[in-house]
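A.B. asks: what's the 3D shape of this:
(chains A and B)
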Amino acid sequence: RKEVEQDPGPFNVPEGATVAFNCTYSNSASQSFFWYRQDCRKEPKLLMSVYSSGNEDGRFTAQLNRASQYISLLIRDSKLSDSATYLCVGRGSARQLTFGSGTQLTVLP
Amino acid sequence: EAQVTQNPRYLITVTGKKLTVTCSQNMNHEYMSWYRQDPGLGLRQIYYSMNVEVTDKGDVPEGYKVSRKEKRNFPLILESPSPNQTSLYFCASSWQGNYGYTFGSGTRLTVV
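C.D. replies: So this is what the prediction gives:
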């Protein structure tokens, strides 16, 4: 079983839709979590950190549930520019940075 | 501008010809790391470094070497490249602790 698992998608949603991604992790020693965004053939870019209390950045909301060991990302009012692959990442130490395989999102006009 | 700079962006080489991919960061980050990304396998860590002269193996270190003589630089060395090292490589850096990594723009390596 992979340490970080994501639904690979693809998710195809119309512009303006709300879309949610979930990610589960198996290593309870993971201390911090992040969502990254990766455009085709480009480097991953940090979208947001994920806190147990939940955090919001504009149209994006991230949530961590340590008891159930899952992380979520909610995107409201999807834009065409949100089309990308979203990577769930867990970090236990400098060495233990574990990436999910990514969820592909396409926002359609 | 705060960034991680990798060179070259694209490289085609022949089997067995030693090569070095350079990585430099200007953010005074302690942690640096190399990843390779392959279709269906995601991002896998090759080597990482927690500070100058401190390096350790990641998940897929075979066929690679690294060095960290200065805080800002973390080159990736392929002593004898083979076709199975054809991949997209990313260098990344971060502060210590629970911070996310900043990635370089990537190096697309093809070994023929």
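A.B. asks: who's B:Leu19 bridged to?
C.D. replies: With beta bridges defined as DSSP bridges, B:Leu19 has these partners: B:Leu78.
A.B. asks: I'd like to know how many residues surround it.
C.D. replies: Counted with other C-beta atoms under 10 Å in any protein chain shown, the neighbours of B:Leu19 add up to 17. Where C-beta positions appear, they are placed from N, C-alpha and C, glycine not excepted.
A.B. asks: what's the answer for A:Phe60, then?
C.D. replies: 16.
A.B. asks: Alongside chain A, which residues does chain B contribute?
C.D. replies: Contact residues (C-beta under 8 Å from any C-beta of the partner chain) of chain B with chain A: B:31, B:33, B:40-43, B:45, B:48, B:50, B:56, B:58, B:88, B:90, B:96, B:98-106, B:108.
A.B. asks: now B:Cys91: how far from B:Cys23?
C.D. replies: Note on B:Cys91: its distance to B:Cys23, by C-beta to C-beta, to the nearest Å, is 3 Å.
A.B. asks: residue contacts, the most centrally placed residue in chain B?
C.D. replies: Chain B has B:Trp34 as the residue nearest its centroid, 3.1 Å off, counting by C-alpha atoms, centre = their mean. Applying C-beta atoms under 8 Å, 6 or more residues apart in numbering or on different chains to B:Trp34 gives the contacts B:23, B:45-48, B:58, B:64, B:66, B:74, B:76, B:89-92.
A.B. asks: Can you tell me who it pairs with across the strands?
C.D. replies: Under the criterion used (DSSP bridges), B:Trp34 bridges to B:Tyr47, B:Cys91.
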